[in-house]
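**Q** Below: sequence and its predicted model.
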Amino acid sequence: MRIDEVAWADPDAVALRDRQRAEIAVRYGTPDSEPGVPPSAADIAVFFVARDTDGTGVGCGGLRALGEGVGEVKRMYVDPAHRGSGVAPLILRTLEDWARGRGWTALRLETGDAQPDAVRFYTRSGYRRIPNFGVYADAARSLCFERSLPERPGGAAGSAGAPAAEPAGGPAADPPDTPR
């Protein structure tokens, strides 16, 4: 498994985001359930695609800068055939390491009440529930989370292209779709 930093328009990134949005539409019963402005190439600071040993894109995630050292996890998704394999924790650690490397001190995210698997994943990954922030403040079905980004042991920020170690106790279950 490897994680590649890619352009927003990367074909694998586009395909994975399209599948994520289709899955969200089924869960919420509407193709447009996202509160606020959807992410785009203009406002995403970085986007990563997880690839299996054949080079096929199997998961993705990006970050939007919110300012003052805080970022937002956007469009995190793992293909159903690869859930439970450790892809989601690897993507999340890659996002966190990238953010740390830029001096960001916290990451936030929004998910929804029809995604209990995402809530479990983020809670196990050290994210805590916070009041809905920004455009999500009045979104009835939104659930927001945040995690402070402590420095990695030894001060290392990690490497986006290298696999990270599994979390203590092994990989957390991969969510089918996480932040919107």
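**A** Now that the structure is in, tell me what you want to look at.

**Q** Hmm, Met1 is touching Gly55, no?
**A** No. The criterion here is C-beta atoms under 8 Å, and Met1 misses it with Gly55 at 10.8 Å. Every C-beta, even on glycine, is put in place using the N, C-alpha and C of the backbone.

**Q** Quick check: mean pLDDT of stretch 39-50?
**A** Stretch 39-50 shows a mean pLDDT of 97.

**Q** tell me which residues in that stretch are buried?
**A** 39, 44-50 (16 or more other C-beta atoms under 10 Å).

**Q** which outside residues touch it?
**A** 1-10, 12-13, 16, 37, 57-65, 71, 74-75, 78, 87, 90-91, 94-95, 98, 102, 160 (C-beta atoms under 8 Å, 6 or more residues apart in numbering).

**Q** list the helices and strands whichever strand or helix holds Trp98 packs on?
**A** Element membership for Trp98 (DSSP states H and E) is helix 87-101. Judged by 3 or more C-beta pairs under 8 Å, 6 or more residues apart in numbering; DSSP states H and E, the packing partners of helix 87-101 are strand 2-5, strand 46-51, strand 57-67, strand 70-78, strand 106-112.

**Q** Can you tell me which of those is packed in deepest?
**A** strand 70-78 (a mean of 25; mean count of other C-beta atoms under 10 Å).
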